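>>> Requesting a structural model of the entry that follows:
(chains A and B)
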Amino acid sequence: MKLKLKVWRQQNNKDKGGFQTYDVVAEEHMSFLEMMDVLNESLIEKQETPVAFEHDCREGICGSCNMVINGRPHGPNSGTTTCQLHMRFFKDGDTIVVEPWRSRAFPVIKDLVVNRSSFDRIIQAGGYVSVNTGQAPDGNSIPIEKDIAGEAMDAATCIGCGACVAACPNGSAMLFTAAKVSHLALMPQGKVESSRRAKNMVATMDKEGFGMCSNIGACEADCPKEISIDNIARLNREYVGSVFGGA
Amino acid sequence: MSLDSKIPKGDLADKWTKYKSNMPLVAPNNKRRLEVIVVGTGLAGASAAATLGELGYKVKAFTFHDSPRRAHSIAAQGGINASKNYQNDGDSTYRLFYDTIKGGDYRSREANVHRLAEVSTDIIDQCVAQGVPFARDYGGLLDNRSFGGVQVSRTFYAKGQTGQQLLIGAYQALSRQISLGNVTMYNRHEMMDMVKVDGKARGIIARNLLTGELERHAAHCVILASGGYGNVFYLSTNAMGCNVSAAWRSVRKGALMANPCFTQIHPTCIPVSGDYQSKLTLMSESLRNDGRIWVPKSKEDAKAIREKRKKGVDIAEGDRDYYLERRYPAFGNLVPRDVASRAAKVVCDDGHGVAPTGLGVFLDFASAIQRYGKSEANSQGLDTNNQKLVTELGTKVIEAKYGNLFEMYEKITGEDPYTNPMKIYPAVHYTMGGLWVDYNLQTNIEGLFALGECNFSDHGANRLGASALMQGLADGYFVIPYTVGTFLANEIRTPAFDPNTAEFTKAEAEVRVRLESLVSNKGTKSVESFHKRLGLIMWDYCGMARSEEGLKKGRQMIRDLKAEFYADVFVPGTQDEFNPELEKAARVADLIEHGELMMVDALDRNESCGGHFREEYTTTEGEALRRDDEYTYVSAWEWDDDNPVLHKEELVFENVELKTRSYK
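Numbers count the residues shown, from 1 in each chain, chains lettered A, B, ... in the order given. So this is what the prediction gives:
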């Protein structure tokens, strides 16, 4: 299949950047990133600079890859990371537009690579259980209802890719933050410091320059792990508790 | 050089307890002054950095990723072992120890493995306390499943994302220490060299990957937790960035590389589909709990499937060869990985393969769907003879257990594994070999430690499923926080190191020259093209089956490839900028040298054991022929560009009788 790629090229954070068009011949069995590899190999052959993009596990779990493809974070398929997207979902002759995440809190480093350290700082603000190694009681000392553990797992499945932020017109990180607050609030081990956690994580989220949540739901639609927007409701409950509950 | 494993004296079961009671301690006021560098933030590195931070050491942690949450530990699917015996099925510390020694084909150290089995239960407790959402049964207690090579259920799991949940747990613990100021985190920093001062490891040269700037970091000791070298094969289940450089740079500074030829080929991966392929994807071993592996008995049927004239479901039950169940009735589809992989190679080499390339076998869930469906129908009081209903109910059970894996398979292949059996084939997955370490996890260089997949210590010649997560977290949470004290207790009078001494500036200058030679080379070929060729050489001559002739040829091919690499590689850009191609070039250069050492090691080991299968050494039944009389040793290699030097650590078995492994 012959494709036309319009790829965002930007030398560094100070460069204005712009689209460049490339012709690529791909096969339908390729993953999207393997198609990008083909493009880069052809650029290197011409002694040009390859397109910088972030990737690592290429199996949808590390959260490194982050391309906005034809206007959607991680491309057209729901519940799919960029690395899991395969070329059989495109047609011969297609033009594909590839851009980086665009958000104030994720400045571009080069081409399609952005800086997502703000997510780490949100976790550092309280996205953990305050327990040291060696302090744990027996793993079975607190039974946890199967469905509750399952619900916590669904929230904990977040890969920290930032698609939620890229999808949100406000550039909000509410789904990311809510997934962590929810995961830990649902587990009895994390419930103890839940209000404090919610308050500190939300404060850091605001400080990092993420936008407000206005319940649009684009985050949920583009989340490659299909994390439910219901988690945001739970975050709001925990947060309200922290502000008015005296915690 | 004599290798002292520093195994404590006394009974096997008491060694670790006594060691902990007698080891030198570092007082809290001294811990605050002692600096520790941790390289890598996967399970082993993140758990070590977090725990050492909690203890009060001044920790600097380094990752080449943009965040400490991305290391490839995250992709481990199936689970983590622990001898909790929650299932009351006869598990114990001794049994986990024994299974691991036997699974490793008697090429690991008894004392290290027993310690691993001892701390396994603490890991589960710790992770639960961190809020890791392990799978639970209806009573709210932790659930378990079985893995290959064992006959008890001791594997704890979180759907098919156990590695992710454990890594996020360690990442969160690390994040807490970062926020408390006990750990300084260096993201997007790659270790380029290890620096020795007066023979001891005292720091690293790190490259800030965003700016290209080289930085000198000093500390009282250096802990490497930089993962394995599976990417030497180019195609593997490893992440694209996995590399051997931190370990290899240390080898070039005198550290010994142990058992490099012990590599694990995982039996259940999605088969290769084309030349452009960049990596392979694992399908968790847990699938072998319910999936049955088979190929058609007739080569004509196999050919028809390859040519898409027939499908797996078209082959009648009697025309299928469930070859693992046939050859190994006691363990069936749950034989260890090395055994399952070789058996797949045998049937495919014989013309029974079912993937278009000829390299693929079926992993079939049809009978599990029927079995679970009948059980569900029965418990709901429904008609167990209603075929459609039973299939529907059974499919739901399978979906609940393995849904995300089936989805991943469907995404990659475009085929529905609920109605057609999966196609799988072995792929490189894990490396048992690694830096030689003693009982303290210290290498032969004082002050240099290695944890997790980066060391060679616990898995012998073959790792059992769900044991990598166990070892990574054991090393990081429960071993190094103690054993590092044996070194640091003697360092309390050593002031903080100055990173501007001659040793550091010299090391930095050498790194600069090395990188400059790569970017200024006027070559024509991409780094990727060399990496692919390296992978093919390794797979052909040092893969699932090895021979003296092949290994000699392979070694020469690698040496030629190395010469061609330095003469003809093209790396765009400069070293003073964000340059992913340069990062890759430096890593591939190290993988090439390491690949040569693997050939040398495989050639030395004239026996078949675990993942190392030498065609010359087989039993009359075609099984691996281990040669305990001559090869019951750890091969620890000192690097030399022409003639690497072998140092042997004899393995002493005081508690386990060496037997021919049998899973029949």
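
>>> what residues are up against A:P188?
Residues counted as contacts of A:P188 (CB atoms under 8 Å, 6 or more residues apart in numbering or on different chains) are A:142, A:144. (Glycine included, C-beta is placed from N, CA and C.)

>>> for residue 64, what are its contacts?
Chain wasn't specified; assuming chain A. Counting by CB under 8 Å, 6+ apart, A:S64 makes contact with A:54-57, A:161, B:65-66, B:70.

>>> wrong one, I was asking about chain B
Applying CB under 8 Å, 6+ apart to B:F64 gives the contacts B:188-190, B:209, B:241, B:583.

>>> and of these, the nearest to chain A?
B:G241 (5.0 Å; CB to the nearest CB).

>>> The closest one: neighbour count?
Neighbourhood size, B:G241 [other CB atoms under 10 Å in any protein chain shown]: 22.

>>> is it true that it touches B:H65?
Yes: using CB atoms under 8 Å, B:G241 makes contact with B:H65 at a distance of 7.3 Å.

>>> list residues touching both of these two?
With CB under 8 Å, 6+ apart, B:G241 and B:H65 have common neighbours A:D56.

>>> Nearest spatial neighbour of residue 10, chain-adjacent residues omitted?
Defaulting to chain A. Distances taken as CB to CB, 6 or more residues apart in numbering or on different chains put A:G17 closest to A:Q10, at 3.1 Å, once the chain neighbours are dropped.

>>> Chain B is the one I meant
B:K18 (5.6 Å).

>>> hang on, that neighbour packs against B:L12?
No: using CB under 8 Å, B:K18 is not in contact with B:L12; the gap is 11.2 Å.

>>> In which helix or strand does A:V98 reside?
Using DSSP states H and E, A:V98 sits in strand A:95-99.

>>> what comes up buried for that strand?
A:96-99 (16 or more other CB atoms under 10 Å in any protein chain shown).

>>> What pLDDT does the model give B:S146?
Predicted confidence (pLDDT) for B:S146: 87.

>>> Just give the number of residues close to it.
By other CB under 10 Å, neighbour count at B:S146 equals 21.

>>> Ignoring the adjacent residues along the chain, who's closest to it?
B:S153 (5.0 Å).

>>> What number of residues are in the vicinity of the one you found?
18.

>>> now it: how far from B:A117?
16 Å (CB to CB, to the nearest Å).

>>> cool, and B:T237?
26 Å.

>>> element containing the residue in chain B positioned nearest to chain A?
The minimum distance from chain B to chain A, using CB to the nearest CB, falls at B:G140 (2.8 Å). Assessed by DSSP H and E, B:G140 sits outside every helix and strand.

>>> same deal with A:Q20?
strand A:18-25.

>>> the strands in chain A, which residues?
A:2-9, A:18-25, A:68-69, A:72-73, A:95-99, A:108-110, A:113-114 (DSSP state E).

>>> show me what contacts A:L39?
A:5, A:7, A:22, A:24, A:50-51.

>>> Show me chain A divided up by domain.
Domain assignment for chain A by automatic domain parsing gives A:2-109, A:116-244.

>>> on that earlier part again, I'd like to know which elements the strand holding A:Q20 is packed against.
strand A:2-9, helix A:32-45 (3 or more CB pairs under 8 Å, 6 or more residues apart in numbering or on different chains; DSSP states H and E).

>>> separation between B:R546 and B:H612?
Taken as CB to CB, the span from B:R546 to B:H612 is 7 Å.

>>> Would you mind finding the most buried of the helices and strands packed on strand A:18-25?
helix A:32-45 (a mean of 20; mean count of other CB atoms under 10 Å in any protein chain shown).

>>> Tell me if I'm right that B:Y663 and B:P336 touch.
Yes: checked against CB under 8 Å, the pair B:Y663 and B:P336 is within contact range at 7.0 Å.

>>> Check the contact lists of the two and give me the overlap.
Shared contacts of B:Y663 and B:P336, counting by CB under 8 Å, 6+ apart, come down to B:G149.

>>> So for chain B, the centremost residue is which one?
By CA atoms, centre = their mean, the mean C-alpha position of chain B lies nearest to B:Y430, the distance being 3.4 Å.

>>> List the contacts of it.
B:228, B:230, B:263-264, B:266, B:453, B:463, B:468.

>>> what about the residue nearest to B:G10, helix or strand, and which?
Using DSSP H and E, B:K18 falls in helix B:15-22.

>>> list the helices and strands the helix or strand of chain B with the lowest mean pLDDT packs on?
Scoring the helices and strands of chain B by mean pLDDT, DSSP states H and E places helix B:387-413 at the bottom, with a mean of 92. With contacts defined as 3+ CB pairs under 8 Å, 6+ apart, helix B:387-413 has these neighbours: helix B:366-379.

>>> the inter-axis angle of the helix it packs on versus helix B:387-413?
140 degrees (axes from the mean of the first three to the mean of the last three CA atoms, to 10 degrees).

>>> got a list of what A:P107 touches?
Residues in contact with A:P107, defined by CB under 8 Å, 6+ apart, are A:13, A:114-115.

>>> is the helix or strand of chain A with the lowest mean pLDDT anywhere near chain B?
Sorted by mean pLDDT, DSSP H and E, the helices and strands of chain A end with helix A:230-244, the least confident at a mean of 90. No: using CB under 8 Å from any CB of the partner chain, helix A:230-244 never reaches chain B; the gap is at least 13.7 Å.

>>> Could you give me the buried positions within that helix?
Neighbour-count burial for helix A:230-244 [16+ other CB under 10 Å]: A:231-232, A:234-239, A:241-242.

>>> Now do that helix: which elements does it pack against?
helix A:174-186, helix A:194-207.

>>> how about the ones you listed, which one is nearest B:G163?
Of all these, helix A:174-186 sits nearest to B:G163, with 16.4 Å by CB to CB.

>>> Spatially nearest residue to B:D99 (excluding sequence neighbours)?
B:V150 (4.8 Å).

>>> okay, now that neighbour: neighbour count?
B:V150, neighbours per other CB under 10 Å, totals 25.

>>> residue contacts, residue 138?
Defaulting to chain A. B:D125.

>>> My question was about chain B, not that one.
Taking CB under 8 Å, 6+ apart, one finds A:K146 in contact with B:Y138.

>>> helix, strand or coil for it?
Using DSSP: H, G, I helix; E, B strand; the rest coil, the structure places B:Y138 in coil.

>>> again, but for B:N500
coil.

>>> Next, the contact list for it, please.
Applying CB under 8 Å, 6+ apart, the residues contacting B:N500 are B:R216.

>>> nearest spatial neighbour of the residue of chain A at minimum distance from chain B, skipping sequence neighbours?
Ranked by CB to the nearest CB, the top residue of chain A for proximity to chain B is A:P143, at 2.8 Å. Residue nearest to A:P143 in three dimensions, not counting chain neighbours: B:G140, with 2.8 Å by CB to CB, 6+ apart.

>>> From the structure, what's the count of residues near that neighbour?
B:G140: 14 surrounding residues under other CB under 10 Å.
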